[in-house]
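1. no letters, just coordinates:
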């Protein structure tokens, strides 16, 4: 599995340099860390899947003595590792911008922002990989656009529906501490991520290359 993860990194080494610059730009513009981390993760993961699908490297991989479970598992482990990489990088950039450029009021980013950025990467991976290996890169882009617009429309409808009940919703959330909400969100994300992992293995093992 290590060699498969290394393959993805080497395949997109130029993309990694672009992502480092991307995170630096977000900090230069004084955006919150969650945006830099999550968008960097989405770019890297989608680029990996897109490049692999267009180059038909699946045919080559499946001709090697590597089981399909390992191929898919390397993608999910790689997503976790990249999330950690992006989180560490975001922390380093905030320290640089704090000590050298004096553009932030504290040397370390808010831990909640780092956790949220990591969770967004895991949720995107959980959505992206099963769709990619079921329908291919071309249709995945279309499906993701529909999903994103669906979330936007649903969000607008939910805001309209809750317009007269904002205080009730706030009172409900105030029953829980931020730590409790974070732990709940983390637990749900891990469950979704593991379920997606297992589902994608089944999808990939059933494919005919």
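-> Sure thing, it's come through. Predicted, not measured: the structure shown is a model, and the values here were computed from it.

2. on the three-state scheme, the residue positioned nearest the centre of the chain is what?
-> The chain has residue 121 as the residue nearest its centroid, 1.7 Å off, counting by CA atoms, centre = their mean. Three-state assignment for residue 121 (DSSP: H, G, I helix; E, B strand; the rest coil): helix.

3. how close does the closest residue to it other than its chain neighbours get to residue 23?
-> Distances taken as CB to CB, 6 or more residues apart in numbering put residue 41 closest to residue 121, at 3.5 Å, once the chain neighbours are dropped. Any C-beta I mention is one placed from the backbone N, CA and C, and that applies to glycine too. Between residue 41 and residue 23 the computed distance is 10 Å (CB to CB, to the nearest Å).

4. can you check residue 115 too?
-> 17 Å.

5. neighbour count for those two, which is higher?
-> residue 23 (22 against 18; other CB atoms under 10 Å).

6. ok, the more buried one touching residue 91?
-> No. Counting by CB atoms under 8 Å, residue 23 sits too far from residue 91 to count as a contact (10.5 Å).

7. quick check: next helix or strand after the helix or strand of the chain with the lowest mean pLDDT?
-> When the helices and strands of the chain are compared on mean pLDDT, DSSP states H and E, helix 166-173 comes out lowest with a mean of 62. Once helix 166-173 ends, the next helix or strand along the chain (criterion: DSSP states H and E) is helix 178-206.

8. return the distance of that next one from the chain's centre.
-> Centre-to-centre, helix 178-206 and its host chain are 12 Å apart (CA atoms, centre = their mean, to the nearest Å).

9. hang on, the earlier thing: are there residues contacting both of residue 41 and residue 23? Which ones?
-> Residues touching both residue 41 and residue 23 (CB atoms under 8 Å, 6 or more residues apart in numbering): residue 86.

10. show me where this structure has helices.
-> Using DSSP state H, the helices of the chain run over 2-11, 13-28, 33-54, 57-61, 68-99, 111-135, 137-161, 166-173, 178-206.

11. mind listing what residue 117 touches?
-> Residue 117 sits next to 33, 34, 35, 36, 37, 38, 41, 83, 86, 87, 90 when contact means CB under 8 Å, 6+ apart.

12. before we move on, what's the pLDDT of it?
-> Residue 117 is assigned 87 on the pLDDT scale.

13. chain neighbours aside, what residue packs nearest to it?
-> residue 37 (2.9 Å).

14. hmm, back to that, so how far is residue 38 from the residue nearest to the centre of the chain?
-> Noted for residue 121: a distance of 6 Å to residue 38, by CB to CB.

15. could you do residue 18 as well?
-> Taking CB to CB as the measure, residue 18 and residue 38 are separated by 16 Å.

16. now residue 14
-> 21 Å.

17. then residue 144?
-> Residue 144 is 15 Å from residue 38, by CB to CB.
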